[in-house]
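Novice: Fold the following for me, if possible:
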Amino acid sequence: MSPDLTEFNISSFRKRAQPSAWCWLPAFAVAVGVSGAAALAESHAGQQSAATPAEPAQDDPFFPPDRVNPPPEAPRHRIVNVDDNDKLNIRDRPGVPGSTIIARIAPDAVNVATGEGTAQVNGGTWVEVLYPGLPGGSGWVNAHFLQHIPEGESAGLGAPDIEPGAPNDLADLFTQIEDYEPLDWEAVETRFLESTAGADTETFRAINRLGPMTRALLILEEEEDPQIHARYRIRYGMEKMGPFAPNAYTTPISFVQIDRFNMGPQRREALPQDDPAPHISYRMVMDTIQMRTARTFRLSRAEIDDDTAAAMSCLGISCLSMDFAADQAPGGWDADPDAAITLTPPYDLMAPDATHSPATVLDQLTIAHGFIGDQSNGRVNWSYPEAREGVSFGAPFIEVVIDVNLAQDFAVQGVLRDTHLNDTSLAELWHKVSSISSADPQAPLVSQAGQRVQRSPP
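Specialist: Numbering: from 1, shown residues only. The predicted structure follows:
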């Protein structure tokens, strides 16, 4: 029996009114997909004439970035009533129709922690499951498949055997959150490659070697009208997924959100007849395939109102603030006296206002970081970072803010912060690159600096 053939109807769903001390997000619901008589009996209990659609997902399951570990006092359970050759399907919300499988639990898993949430589905009780490898760190499972482990007997048990869901399913979950409209990613990819590379084979290859953050920025600029005064925010998360058949290969899957805020009205009071361009946001999921370092295979778009944009954080400041993100770095900047941009990228190096383009500044930040890219023959070679132990599944650990012409002079400033480093001494890496127009339109003034934030002693 296929896991997706089970039907559950939601009779009630109790949401946590406030986050608990250990988790900042509302709980996610997990449907159960198992074969055998137990699953059949469970799906028929209290069955109605038609399956109720899944409960809408709550908030963004890929944020906040902090890894969510179950509290020590959380009750522990083992999985029962599941065939040895089957697994429990963890879903993103109550109910099978319209929900997404986000992970699967082994039939003999132990030390499964549960939280406070409950949901009544066709007369059965579902309980919250806590696991840091899930989007947001939590899910739900039917209590029929859990057996409580008495206190004291769970000591020494390892983490439960839980594997992520299919990349396409998780990509859909990431891009189809509330207010985001899915886009035809294949059409967008085609337009992007035709516009940036055309029939030039060498440019085509260079474009396809760009890293996921740069590609996301260029796709946004290709799809949207230009803005003279703008702030970009890029949040990047990544998971290495697999092994996949036939050769048991693994591949990095990038989860990218890029927002562009129209800062023109923030620089001066908008005239009554003005109709300022909206703030926009794209969410993209990318993989590596056929010589493409970052191919988009899921994509969505949203428009952001002023109140929402003002409440969003760009490296610690309001995303509509005229303050600079670089001032939020915790320490002093170590300036690079030899700062220079010597790239020859496959996109426009310069902006029309005689500064370097936002994409150029972003690639220079990548080079300055060192661990995620280096420069060779004028191009950036992207290097996927190692998966981070300090974040939940797909959550961002790199954030970039790029300010375009926010001061009186034409200038572009980019700031990159990398957190949750798998390092016992380093807590964060910060990098800053600025390009300011000069008397020579082909030679902007360039500055570059960095910070290495040490971990606090235990």
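Novice: so when I look at His431, I'm seeing a strand, right?
Specialist: Yes - under DSSP: H, G, I helix; E, B strand; the rest coil, His431 falls within a strand.
Novice: Quick check: beta-bridge partners of it?
Specialist: Leu416, Gly450 (DSSP bridges).
Novice: what's the pLDDT at it?
Specialist: pLDDT for His431: 97.
Novice: Report pLDDT for Thr118.
Specialist: Looking at Thr118, its pLDDT stands at 80.
Novice: Looks like it contacts Thr125 (just checking).
Specialist: Yes - at 6.0 Å, Thr118 and Thr125 qualify as touching, with contact defined as C-beta atoms under 8 Å. The way it works is simple: take the backbone N, C-alpha and C, and place the C-beta from them, glycine included.
Novice: And those two? Which one has more around it.
Specialist: The neighbour comparison of Thr118 against Thr125 (other C-beta atoms under 10 Å) goes to Thr118, with 16 against 12.
Novice: Bridge partners for the more buried one, pull those for me.
Specialist: Applying DSSP bridges to Thr118 gives these bridge partners: Val127.
Novice: and it, what does it touch?
Specialist: Thr118 sits next to Arg14, Thr125, Trp126, Val127, Glu128 when contact means C-beta atoms under 8 Å, 6 or more residues apart in numbering.
Novice: Show me what the mean pLDDT comes to for stretch 331-349.
Specialist: Average pLDDT, stretch 331-349: 93.
Novice: Go through it and flag the buried ones.
Specialist: Asp336, Ile341, Leu343, Pro345, Pro346, Tyr347, Leu349 (16 or more other C-beta atoms under 10 Å).
Novice: Against Gly450, how distant is the first one?
Specialist: So that's Asp336. Counting by C-beta to C-beta, to the nearest Å, the gap from Asp336 to Gly450 is 7 Å.
Novice: Overlap in contacts, those two.
Specialist: Listed as contacting both Asp336 and Gly450 by C-beta under 8 Å, 6+ apart are Ala368.
Novice: give me the low-pLDDT residue ranges for this protein?
Specialist: For the chain, residues meeting the criterion pLDDT under 70 lie at 1-59, 64-68, 95-98, 245, 267-275, 458.
Novice: the domain parsing of it - what is it?
Specialist: Domain ranges of the chain: 3-165, 171-454, per automatic domain parsing.
Novice: can you give me the offset of the last one from its chain's centre?
Specialist: What that stands for is domain 171-454. Here domain 171-454 is found 13 Å from its chain centre; the criterion is C-alpha atoms, centre = their mean, to the nearest Å.
Novice: how long is that domain from one end to the other?
Specialist: This stretch, domain 171-454, spans 34 Å end to end (C-alpha to C-alpha, to the nearest Å).
Novice: can you give me the helices in the protein?
Specialist: With DSSP state H, the ranges of helices along the chain come out as 37-44, 167-175, 185-196, 201-207, 212-223, 264-267, 306-311, 358-369.
Novice: so can I have TSV of those showing mean neighbour count and distance to Arg388?
Specialist: Compiled in TSV, those are given as follows (neighbours: other C-beta atoms under 10 Å; distance: least, C-beta to C-beta, whole Å):
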stretch	mean neighbour count	distance to Arg388
helix 37-44	17	35
helix 167-175	21	17
helix 185-196	15	26
helix 201-207	15	28
helix 212-223	24	15
helix 264-267	16	33
helix 306-311	15	26
helix 358-369	25	14
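Novice: neighbours around Ala302, how many?
Specialist: Per other C-beta under 10 Å, the neighbour tally for Ala302 reads 18.
Novice: which residues does it bridge with?
Specialist: For Ala302, the beta-bridge partners are Ser281 (DSSP bridges).
Novice: I'd assumed Tyr180 was in contact with it.
Specialist: Yes - under the criterion of C-beta under 8 Å, Ala302 makes contact with Tyr180 at 4.5 Å.
Novice: Determine the residues that are contacts of both of those two.
Specialist: Contact criterion C-beta under 8 Å, 6+ apart; residues bridging Ala302 and Tyr180 by contacting each: Ser281, Arg283.
Novice: Verify the stated contact: Ile289 with Thr296.
Specialist: No - using C-beta under 8 Å, Ile289 makes no contact with Thr296, being 10.7 Å away.
Novice: Tell me which of those two has more neighbours.
Specialist: Neighbours per residue, other C-beta under 10 Å: of Ile289 and Thr296, the larger number sits with Thr296, 24 against 12.
Novice: Give me the most central residue, the chain.
Specialist: Geometric centre of the chain, nearest residue: Phe255, 4.0 Å, by C-alpha atoms, centre = their mean.
Novice: Name the residues linked to it by a beta bridge.
Specialist: Beta-bridge partners, per DSSP bridges, of Phe255: Gly237, Val285.
Novice: Let me see the contact set for it.
Specialist: Counting by C-beta under 8 Å, 6+ apart, Phe255 touches Phe62, Phe174, Tyr236, Gly237, Met238, Glu239, Arg283, Val285, Gly394, Ala395, Pro396.
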